[in-house]
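In: Take this sequence and fold it.
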Amino acid sequence: NYGVWQAEWDALAAKLSLDLRQCLQVEWEVTDTFFGGSWELPIENRLRLQRPYARVDRAKLKKLLRSSSKVKVIESEVEAEAVASNIFDSPAIRHSATG
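Out: Here you go, the predicted model:
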């Protein structure tokens, strides 16, 4: 599963001039986040955000992007060490203000 803030998803859709909303499986107007179980916080500890969130259908997104002339797919693999959940370390992975 891949989740997105809807405002950012809509901004990307506008920038690419693509109907990315068709790739959303589920949309929520309010987002509940759970941080309990860490740093001695109760497991049921919840933070409610008044910010729309959505789950992306990866298969639909892949199909849409591959059919677009605005997107170039580069088939490649990157070897990286998983440092933590969703955090990877590799000389091949670089981040900057431009992406």
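In: only C-alpha atoms for contact and neighbour calcs from this point on.
Out: Will do.
In: what helix or strand is residue 12 on?
Out: helix 6-16 (DSSP states H and E).
In: Now do that helix, average pLDDT.
Out: For helix 6-16, mean pLDDT rounds to 95.
In: and it, how far out from the chain's middle?
Out: Relative to its parent chain, helix 6-16 has a centroid offset of 12 Å by Cα atoms, centre = their mean, to the nearest Å.
In: other SSEs contacting the helix or strand that that helix is followed by?
Out: Downstream of helix 6-16, the first helix or strand assigned by DSSP H and E is strand 24-28. Helices and strands touching strand 24-28, by 3 or more Cα pairs under 8 Å, 6 or more residues apart in numbering; DSSP states H and E, are strand 53-56.
In: what does the strand it packs on contact?
Out: Outside of strand 53-56, the residues within contact range by Cα atoms under 8 Å, 6 or more residues apart in numbering are 1-6, 23-31.
In: what about 10 Å?
Out: Strand 53-56 is contacted from outside by 1-9, 20-32, using Cα atoms under 10 Å, 6 or more residues apart in numbering.
In: same deal with stretch 64-84?
Out: 16-20, 22-23, 58, 60-62, 87-93.
In: Mark which of these are buried, thanks.
Out: 20, 23, 61 (16 or more other Cα atoms under 10 Å).
In: got the contact list for residue 19?
Out: Contact analysis of residue 19 by Cα under 10 Å, 6+ apart lists 10, 12, 13, 61, 64.
In: mind checking pLDDT for the residue of the chain most remote from its centre?
Out: Ranking residues of the chain by C-alpha distance from their mean position (Cα atoms, centre = their mean) puts residue 40 at the top, at 27.9 Å. pLDDT for residue 40: 77.
In: Next: the one 3 residues further on.
Out: For residue 43, the pLDDT comes out at 78.
In: quick one: it and residue 37 touch, right?
Out: Yes: counting by Cα atoms under 10 Å, residue 37 is a contact partner of residue 43 at 4.5 Å.
In: and the residue nearest to residue 45 when sequence neighbours are not counted, how many neighbours does it have?
Out: Spatial nearest neighbour of residue 45, excluding adjacent residues (Cα to Cα, 6 or more residues apart in numbering): residue 36 at 4.7 Å. Using other Cα atoms under 10 Å, residue 36 is surrounded by 14 other residues.
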